[in-house]
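Participant: How does the following fold in three dimensions:
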Amino acid sequence: MKPPYKITGKILKLVALISEKIGEVNSAHLNKPPTELRKKNRIKTIHSSLEIEGNTLTIEQITAIVENKRVIGPKKDILEVKNAIAVYDYLDKLNPHSFDSFCEAHGILLNGLIESAGKLRNKSVGIVKGSGVAHIAPSNEMLKPLLNDLFDYLKNDDDLVLIKSCVFHYEIEFIHPFIDGNGRMGRLWQTLILKDAYPVFEFLPIETLIRERQEQYYESLGKSDKTGESTTFIEFMLEIILESLEELLNVQNINLTNIDRLNLFKSIVKEDFFTRKDYLKNFREISSATASRDLKFATENGFIEKFGDKNTARYRFK
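Facilitator: Model (predicted):
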């Protein structure tokens, strides 16, 4: 069964604007951002997602953990960060359309934090806000059928991925399939769904913007709960996605290194053969000599194989 929501004029306008920004990102070679920017944004993502859930570690402490340095802080908070790093490093191995992958990711994210990491809850729960119950989640007997329907919708419905990612995020918060970690899983899985269609989303700090607008985030969840459909939440999350793309495009003086160019080109050509001319077409701002140096570097360091010589040379990534 398809989750309930309406496609409003605001949603259509936001989708059109986001599509334009994705085109600009691709033109600026930012669909796979430079290495340093990717690292910085990944750390911001982990910090923001965990801070929403009450983690006290700073960006500097999380950076130190990423760099395998010793950090002093609450054991639980440090473990949460290590688990988040592990699951984001594992992102390429996760299948956004697989329920088993979903549970596997939760198992990594909550490993050592709860006994039921990776397993659906076996009791009913309510979400308490202040002195009252804000939301009573569906009973545990309903979890598997609801999640099967949700993954079926994600895999087979004809709606745009941008919209389906928001719907999935909302429905995970509503269904509340796990004892703990549902917020983190909703945000993580939306990133995975988007990344599958548009690689740039793997390294966009969407979570940072959610944290900055945390009150509106919970308000949009609450409004959607009251109306019985995710329309309000879809509108809010599309605004966040648009803003994150705009922020990426506003980053000034991004200089791609030869490694950045090669990694980006590999994500485009994959295992196909290509020539120096093909490489230059994708990076019009570099000279022929720079392209030759890039390809020579890649060949000498075992990134690519070279077939033929001089003007007839063809290449393929290993």
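
Participant: Next, name the residue at the spatial heart of the protein.
Facilitator: T191 (2.5 Å; C-alpha atoms, centre = their mean).

Participant: show me the contacts for it.
Facilitator: By C-beta atoms under 8 Å, 6 or more residues apart in numbering, the contact list for T191 reads 45, 91, 201-202, 204, 206. (C-beta placed from N, C-alpha, C; glycine too.)

Participant: Local confidence estimate at it?
Facilitator: Listed pLDDT for T191 reads 95.

Participant: what's the spacing between it and K281?
Facilitator: 30 Å (C-beta to C-beta, to the nearest Å).

Participant: For R187, give me the pLDDT.
Facilitator: Note for R187: predicted pLDDT of 95.

Participant: That one: helix or strand, and which one exactly?
Facilitator: Using DSSP states H and E, R187 falls within helix 182-197.

Participant: So for that helix, what gets flagged as buried?
Facilitator: Judged by neighbour count using 16 or more other C-beta atoms under 10 Å, the buried positions of helix 182-197 are 182-196.

Participant: and which of the residues you listed is nearest G112?
Facilitator: Proximity of the buried residues of helix 182-197 to G112 (C-beta to C-beta) peaks at R184, which lies at 14.7 Å.

Participant: From what I see, that closest one and S49 are in contact.
Facilitator: Yes. Counting by C-beta atoms under 8 Å, R184 does reach S49; the two are 5.7 Å apart.

Participant: Show me whatever sits in contact with both of the two.
Facilitator: Residues touching both R184 and S49 (C-beta under 8 Å, 6+ apart) are A84.

Participant: quick one, what contacts the closest residue to L192 other than its chain neighbours?
Facilitator: Spatial nearest neighbour of L192, excluding adjacent residues (C-beta to C-beta, 6 or more residues apart in numbering): P96 at 4.6 Å. Counting by C-beta under 8 Å, 6+ apart, P96 touches 154, 189, 192-193, 195-196.

Participant: can you check C166 too?
Facilitator: With contacts defined as C-beta under 8 Å, 6+ apart, the neighbours of C166 are 190, 230, 233-234, 237-238.

Participant: Out of those residues, which is nearest to L249?
Facilitator: For these, the closest approach to L249 (C-beta to C-beta) belongs to L238, at 16.7 Å.

Participant: check which helix or strand covers that closest one.
Facilitator: Under the criterion DSSP H and E, the helix or strand holding L238 is helix 231-249.

Participant: can you state the direction angle for that helix and helix 182-197?
Facilitator: Here the directions of helix 231-249 and helix 182-197 differ by 60 degrees (axes from the mean of the first three to the mean of the last three C-alpha atoms, to 10 degrees).

Participant: which residues touch helix 231-249?
Facilitator: Contacts for helix 231-249 (C-beta under 8 Å, 6+ apart): 5-6, 8, 10-11, 14-15, 17-18, 21-22, 24-25, 28, 30, 33, 162-163, 165-167, 169-170, 190, 194, 200, 204-206, 209-210, 213, 216-217, 220-221, 223-224.

Participant: Among those residues, name the ones in helices.
Facilitator: Of the contacts of helix 231-249, the ones assigned to helices by DSSP state H are 10-11, 14-15, 17-18, 21-22, 24-25, 162-163, 165-167, 169-170, 190, 194, 206, 209-210, 216-217, 220-221, 223-224.
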